[in-house]
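Visitor: 3D, please:
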Amino acid sequence: MNVFVRLVVPAFATTSLAIALVGTRAAVGQERQGCFVVDPFQGLVELDDICPTPEPFILPSTGANSLGTGDVQVTLRWATIDDLDLAVTGPDGVTVFWENPGVSGLGGQLDQDDNSECLTLTNSPVENIFWPVGAAPNGEYFVEVALFQRCGSGSDPIDFELQILTLGMTDVVQGTVDDANPSFSYTFLLPTSAPVSEAPDQ
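Guide: Got it, this is the predicted structure:
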(Lines give C-alpha, C1' and ligand atoms only; values in the text may rest on other atoms or scores of the structure.)
Protein backbone atom coordinates (compact mmCIF):
# COMPACT_ATOMS: atom_id res chain seq x y z
CA MET A 1 0.00 0.00 0.00
CA ASN A 2 1.05 3.64 -0.12
CA VAL A 3 2.63 5.13 2.99
CA PHE A 4 2.33 8.87 3.37
CA VAL A 5 5.31 10.64 4.90
CA ARG A 6 4.10 14.01 6.04
CA LEU A 7 6.38 16.98 6.63
CA VAL A 8 4.55 19.62 8.62
CA VAL A 9 6.24 22.97 8.23
CA PRO A 10 6.55 25.38 11.16
CA ALA A 11 3.47 27.24 12.34
CA PHE A 12 4.34 30.45 10.52
CA ALA A 13 3.69 28.75 7.18
CA THR A 14 0.21 27.92 5.90
CA THR A 15 0.89 24.78 3.89
CA SER A 16 2.14 21.25 4.59
CA LEU A 17 3.84 18.69 2.37
CA ALA A 18 2.78 15.06 1.97
CA ILE A 19 5.02 12.64 0.03
CA ALA A 20 3.64 9.28 -1.15
CA LEU A 21 6.10 6.38 -0.77
CA VAL A 22 5.82 2.67 -1.39
CA GLY A 23 5.84 0.79 1.89
CA THR A 24 3.86 -1.29 4.33
CA ARG A 25 2.74 1.14 7.05
CA ALA A 26 -0.18 3.54 7.12
CA ALA A 27 0.32 7.23 7.74
CA VAL A 28 0.79 8.32 11.36
CA GLY A 29 1.02 11.61 13.14
CA GLN A 30 -1.36 13.39 10.78
CA GLU A 31 -2.29 15.98 13.42
CA ARG A 32 1.17 16.34 14.92
CA GLN A 33 2.67 19.83 14.77
CA GLY A 34 6.35 20.34 14.11
CA CYS A 35 8.95 19.17 11.62
CA PHE A 36 9.22 15.39 11.14
CA VAL A 37 8.89 12.44 8.74
CA VAL A 38 7.24 9.08 9.24
CA ASP A 39 9.62 6.15 8.82
CA PRO A 40 7.86 2.83 8.03
CA PHE A 41 10.08 1.03 10.54
CA GLN A 42 11.03 3.63 13.17
CA GLY A 43 7.86 5.69 13.29
CA LEU A 44 8.17 9.45 13.75
CA VAL A 45 11.61 10.87 13.01
CA GLU A 46 12.17 14.43 14.22
CA LEU A 47 13.79 16.86 11.77
CA ASP A 48 14.07 19.91 14.02
CA ASP A 49 17.84 20.10 13.47
CA ILE A 50 17.48 20.63 9.72
CA CYS A 51 14.24 22.61 9.60
CA PRO A 52 14.65 26.36 9.23
CA THR A 53 13.99 28.49 12.29
CA PRO A 54 11.60 31.33 11.44
CA GLU A 55 13.02 34.80 11.85
CA PRO A 56 10.91 37.16 13.97
CA PHE A 57 8.88 39.72 12.07
CA ILE A 58 10.38 43.14 12.72
CA LEU A 59 8.53 46.33 12.01
CA PRO A 60 10.45 48.92 10.00
CA SER A 61 11.85 51.72 12.10
CA THR A 62 9.55 54.72 11.88
CA GLY A 63 10.50 56.51 15.08
CA ALA A 64 8.46 56.71 18.25
CA ASN A 65 4.93 58.00 18.24
CA SER A 66 4.24 61.30 19.94
CA LEU A 67 5.19 60.66 23.55
CA GLY A 68 3.35 62.02 26.54
CA THR A 69 5.18 64.61 28.62
CA GLY A 70 4.62 66.91 31.56
CA ASP A 71 6.31 67.77 34.85
CA VAL A 72 8.03 64.36 34.82
CA GLN A 73 8.84 62.22 31.78
CA VAL A 74 11.01 59.08 31.79
CA THR A 75 11.83 57.62 28.36
CA LEU A 76 13.70 54.36 27.77
CA ARG A 77 15.37 53.61 24.42
CA TRP A 78 17.46 50.65 23.25
CA ALA A 79 18.44 49.11 19.90
CA THR A 80 17.49 45.42 19.93
CA ILE A 81 14.27 43.47 19.41
CA ASP A 82 14.31 42.26 23.03
CA ASP A 83 11.62 43.18 25.54
CA LEU A 84 12.90 45.60 28.17
CA ASP A 85 10.48 46.95 30.74
CA LEU A 86 10.39 50.39 32.32
CA ALA A 87 8.84 50.98 35.75
CA VAL A 88 8.70 54.20 37.76
CA THR A 89 7.56 54.41 41.38
CA GLY A 90 6.45 57.87 42.46
CA PRO A 91 6.63 59.50 45.91
CA ASP A 92 3.11 58.22 46.59
CA GLY A 93 4.35 54.63 46.35
CA VAL A 94 2.42 53.85 43.16
CA THR A 95 4.44 52.02 40.50
CA VAL A 96 3.59 52.74 36.87
CA PHE A 97 4.55 49.88 34.53
CA TRP A 98 3.00 47.53 31.96
CA GLU A 99 0.63 45.90 34.45
CA ASN A 100 -0.41 49.27 35.90
CA PRO A 101 -0.24 51.77 33.02
CA GLY A 102 -2.21 54.44 34.84
CA VAL A 103 -5.30 56.44 33.90
CA SER A 104 -5.20 59.24 31.35
CA GLY A 105 -5.08 62.63 33.05
CA LEU A 106 -4.49 61.19 36.53
CA GLY A 107 -0.97 60.66 37.87
CA GLY A 108 1.73 58.68 36.10
CA GLN A 109 0.96 57.01 32.78
CA LEU A 110 2.70 54.48 30.53
CA ASP A 111 1.88 55.45 26.94
CA GLN A 112 4.54 53.59 24.92
CA ASP A 113 5.49 49.93 25.47
CA ASP A 114 7.41 48.48 22.50
CA ASN A 115 8.33 44.81 21.97
CA SER A 116 5.86 43.82 24.68
CA GLU A 117 5.94 40.02 25.20
CA CYS A 118 7.77 39.74 21.84
CA LEU A 119 4.47 40.02 19.96
CA THR A 120 5.21 42.93 17.62
CA LEU A 121 8.89 43.78 17.31
CA THR A 122 10.91 46.82 16.37
CA ASN A 123 14.68 47.31 16.51
CA SER A 124 14.32 50.88 17.77
CA PRO A 125 11.96 50.36 20.73
CA VAL A 126 10.79 53.00 23.18
CA GLU A 127 9.01 52.93 26.53
CA ASN A 128 7.67 56.13 28.06
CA ILE A 129 6.17 57.03 31.44
CA PHE A 130 5.09 60.56 32.31
CA TRP A 131 3.18 62.68 34.79
CA PRO A 132 1.14 65.50 33.21
CA VAL A 133 1.65 69.12 34.22
CA GLY A 134 0.39 69.61 37.77
CA ALA A 135 0.01 65.86 38.42
CA ALA A 136 3.54 64.96 39.58
CA PRO A 137 3.99 64.88 43.37
CA ASN A 138 7.20 66.24 44.87
CA GLY A 139 9.65 63.76 46.30
CA GLU A 140 11.72 60.76 45.30
CA TYR A 141 11.14 58.79 42.09
CA PHE A 142 12.53 55.28 41.67
CA VAL A 143 13.19 54.09 38.10
CA GLU A 144 13.82 50.47 37.14
CA VAL A 145 14.82 48.99 33.78
CA ALA A 146 14.42 45.22 33.51
CA LEU A 147 15.26 42.64 30.86
CA PHE A 148 11.86 40.96 30.70
CA GLN A 149 12.38 38.62 27.75
CA ARG A 150 14.82 37.88 24.95
CA CYS A 151 12.95 38.00 21.65
CA GLY A 152 15.86 36.80 19.49
CA SER A 153 18.63 34.24 19.73
CA GLY A 154 21.31 36.65 20.98
CA SER A 155 22.73 36.78 24.49
CA ASP A 156 24.86 39.95 24.33
CA PRO A 157 24.43 42.71 26.92
CA ILE A 158 21.77 45.24 25.95
CA ASP A 159 22.75 48.90 26.16
CA PHE A 160 19.99 51.40 26.84
CA GLU A 161 19.47 55.10 27.45
CA LEU A 162 17.15 56.77 29.94
CA GLN A 163 16.08 60.34 29.29
CA ILE A 164 14.60 61.93 32.40
CA LEU A 165 12.76 65.23 32.06
CA THR A 166 11.84 67.08 35.26
CA LEU A 167 10.24 70.53 35.11
CA GLY A 168 11.92 71.24 31.78
CA MET A 169 15.38 69.97 32.77
CA THR A 170 16.77 66.84 31.08
CA ASP A 171 19.18 64.22 32.43
CA VAL A 172 20.49 61.33 30.31
CA VAL A 173 21.48 58.07 31.99
CA GLN A 174 23.06 55.14 30.15
CA GLY A 175 23.13 51.57 31.36
CA THR A 176 23.29 47.90 30.42
CA VAL A 177 21.29 44.80 31.29
CA ASP A 178 22.01 41.16 30.50
CA ASP A 179 21.04 37.70 31.70
CA ALA A 180 23.39 37.89 34.69
CA ASN A 181 22.30 41.42 35.68
CA PRO A 182 18.77 41.76 34.33
CA SER A 183 17.78 44.98 36.11
CA PHE A 184 19.08 48.50 36.63
CA SER A 185 17.78 51.19 38.97
CA TYR A 186 18.05 54.96 39.23
CA THR A 187 16.56 57.45 41.67
CA PHE A 188 15.89 61.16 41.22
CA LEU A 189 14.10 63.93 43.07
CA LEU A 190 11.39 66.40 42.18
CA PRO A 191 11.59 69.43 42.18
CA THR A 192 15.37 69.07 41.83
CA SER A 193 16.78 66.73 39.16
CA ALA A 194 19.86 65.68 41.14
CA PRO A 195 20.15 61.87 41.20
CA VAL A 196 20.04 60.09 44.53
CA SER A 197 21.57 56.84 43.30
CA GLU A 198 22.39 54.94 40.15
CA ALA A 199 23.33 51.26 40.10
CA PRO A 200 22.64 47.92 38.46
CA ASP A 201 20.64 45.65 40.73
CA GLN A 202 22.36 42.59 42.10
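
Visitor: only C-alpha atoms for contact and neighbour calcs from this point on.
Guide: Will do.

Visitor: quick one: residue 91 from residue 121, how far?
Guide: Using CA to CA, to the nearest Å, we find residue 91 at a distance of 33 Å from residue 121.

Visitor: typo on my end, residue 161
Guide: From residue 161 to residue 121 the distance is 19 Å (CA to CA).

Visitor: name the residue in these two with the higher neighbour count.
Guide: Between residue 161 and residue 121, counted using other CA atoms under 10 Å, the more crowded position is residue 121 (22 against 17).

Visitor: distance of that one from residue 83?
Guide: With CA to CA as the criterion, residue 121 and residue 83 are 9 Å apart.

Visitor: who touches both of those two?
Guide: Taking CA atoms under 8 Å, 6 or more residues apart in numbering as the criterion, residue 121 and residue 83 both touch 114-115.

Visitor: show residues contacting the lengthiest strand in the chain.
Guide: Secondary structure of the chain per DSSP state E: the longest strand is strand 139-149. Strand 139-149 is contacted from outside by 82-91, 117-118, 177-179, 182-191, using CA under 8 Å, 6+ apart.

Visitor: how about low-confidence regions in the protein?
Guide: Counting by pLDDT under 70, the ranges of the chain that qualify are 1-36, 44, 47-65, 192-202.

Visitor: at 90 what do you get?
Guide: 1-66, 103-106, 153-154, 191-202 (pLDDT under 90).

Visitor: can you list the domains in it?
Guide: Residue ranges for the domains of the chain, per automatic domain parsing: 2-46, 58-200.

Visitor: identify, out of the ones you listed, the most deeply packed stretch.
Guide: Most buried of the domains of the chain by mean neighbour count (mean count of other CA atoms under 10 Å) is domain 58-200; its value is a mean of 18.

Visitor: check the gap between residue 113 and residue 186 for me.
Guide: 19 Å.

Visitor: how about residue 165?
Guide: 14 Å.

Visitor: now swap in residue 171 and tell me
Guide: 12 Å.

Visitor: equivalent analysis for residue 92, please.
Guide: For residue 92, the distance to residue 186 - CA to CA - is 17 Å.

Visitor: repeat for residue 84
Guide: Residue 84 is 15 Å from residue 186, by CA to CA.

Visitor: and if you look at residue 102?
Guide: For residue 102 relative to residue 186 (CA to CA), the value is 21 Å.

Visitor: same deal with residue 177?
Guide: If you go by CA to CA, the gap between residue 177 and residue 186 works out to 13 Å.

Visitor: got it, and residue 167?
Guide: In terms of CA to CA, residue 167 sits 18 Å off from residue 186.

Visitor: tell me what the helix or strand hosting residue 188 is packed against?
Guide: Residue 188 belongs to strand 183-190 when assigned by DSSP states H and E. Under the contact criterion of 3 or more CA pairs under 8 Å, 6 or more residues apart in numbering; DSSP states H and E, strand 183-190 touches strand 139-149, strand 169-177, strand 195-200.
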